[in-house]
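Engineer: Provide a 3D model corresponding to the input given below.
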Amino acid sequence: MVSFLLFGVSLATQPPADYRAHLHSQVALNVSQLAAQGQTQQALDLASMFSSQVEPAAPISYEVGLLYNRLGDMDLALTHYNEALKLNPNSAPARYDRGEIHLLRGELDRAEEDLVVAATLSPEHWAVHMRLAELTALQNKPNEMEAHLLAALREGLDLSLLTTSPKWKVWANDDVLGPKITRIILVYGGENVLDQLRSP
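Structural biologist: Modelled structure (predicted):
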C-alpha cells in the first residue's frame, strides 16, 4: 500500500472522524494543484496510483475529469465524471460539469437530468441556474427560461455576461424568448446590456 505520508497525511497524527473522506479530499487537492501548475502527467499519475493502490474516490475522479475537460477532451472528461458520480451520485460539481458537456453537445435530456440535480444540490451557485436558463431557451420554454434566469440573478449573475454569448443575442431578438429577456434586462441590467444584445 502507498505510504500515507506520500499524500501529506501523517499516521502519527490523530486522524479526523471521517479519515477516508479527509484523505480523498487531500489527494484530490494535490491532483488539482499539480494540474494548476501544468504538471498534467504528475497529476494523472497521482490519481491513478491512489485509485489502484488505495481505492477509487469520487473527488479524485472529478479532478481528473476536470483536468481533461480543461484540456478539451470531453470524452475522457465524461468518463471520469461518470466514475465520480458512480461513486457519489450527490457530487454537485460532477453533476454540473457533466450536464454542461451534455448541453454543449445538444444532448438536452441528459443535460436537464444533471443540471436539475446540480441545482438541487447547490442552489446557491448562479452558474447552474444560468445553464438551466440556456437549456430551457433551447427547448423554447420562455417561462421556464425566465424563472431560471431570475434564479441566477438572485445568486449573483452579472447580466453583462449575456453580451459575450452569441446565442443570447439570438434569443434576445427572438419573438417568443425576446420579450422575457427584455423585461429582465430592463429591470435588472439596464438599457446598455439590452442594446448590446440587440446589436448585429
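Engineer: Which helix or which strand is home to the closest residue to residue 131 other than its chain neighbours?
Structural biologist: Nearest residue to residue 131 in three dimensions, chain neighbours excluded: residue 115, at 5.4 Å (CB to CB, 6 or more residues apart in numbering). All C-beta spots, glycine's among them, are computed from the backbone N, C-alpha and C. Assigned by DSSP states H and E, residue 115 belongs to helix 108-121.
Engineer: if I look at residue 94, how far off is residue 45?
Structural biologist: Computed with CB to CB, to the nearest Å, the distance linking residue 94 and residue 45 is 21 Å.
Engineer: can you map out the helices along the protein?
Structural biologist: Remark: helices assigned in the chain by DSSP state H are 19-36, 40-53, 58-70, 74-87, 92-104, 108-121, 126-138, 142-154, 166-172, 178-188, 191-198.
Engineer: want to throw those into a markdown table with mean neighbour count and mean pLDDT?
Structural biologist: Shown next, in a markdown table, are the helices of the chain (neighbours: other CB atoms under 10 Å; pLDDT from 0 to 100):
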| stretch | mean neighbour count | mean pLDDT |
| --- | --- | --- |
| helix 19-36 | 18 | 92 |
| helix 40-53 | 16 | 94 |
| helix 58-70 | 23 | 97 |
| helix 74-87 | 19 | 98 |
| helix 92-104 | 22 | 97 |
| helix 108-121 | 18 | 97 |
| helix 126-138 | 22 | 97 |
| helix 142-154 | 19 | 96 |
| helix 166-172 | 16 | 94 |
| helix 178-188 | 17 | 93 |
| helix 191-198 | 16 | 88 |
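Engineer: looking at these, which is closest to residue 160?
Structural biologist: Taking CB to CB, helix 191-198 is the member of the helices of the chain nearest to residue 160, at 5.7 Å.
Engineer: how far off helix 178-188 does that closest one point, in degrees?
Structural biologist: Angle, helix 191-198 to helix 178-188, by axes from the mean of the first three to the mean of the last three CA atoms, to 10 degrees: 150 degrees.
Engineer: now what about helix 191-198, what contacts it?
Structural biologist: 159-160, 162-163, 168-169, 172-173, 181-182, 185-186 (CB atoms under 8 Å, 6 or more residues apart in numbering).
Engineer: For it, list the C-alpha coordinates in PDB.
Structural biologist: Taking C-alpha atoms only, helix 191-198 is exported to PDB below (Å, rounded to 0.1, in the frame of the first residue of the first chain):
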ATOM      1  CA  GLU A 191     -30.500  49.500 -21.400                       C
ATOM      2  CA  ASN A 192     -26.800  49.300 -22.200                       C
ATOM      3  CA  VAL A 193     -26.900  45.500 -21.900                       C
ATOM      4  CA  LEU A 194     -30.000  45.300 -24.000                       C
ATOM      5  CA  ASP A 195     -28.600  47.500 -26.700                       C
ATOM      6  CA  GLN A 196     -25.500  45.200 -26.900                       C
ATOM      7  CA  LEU A 197     -27.700  42.100 -27.200                       C
ATOM      8  CA  ARG A 198     -29.800  43.600 -29.900                       C
END
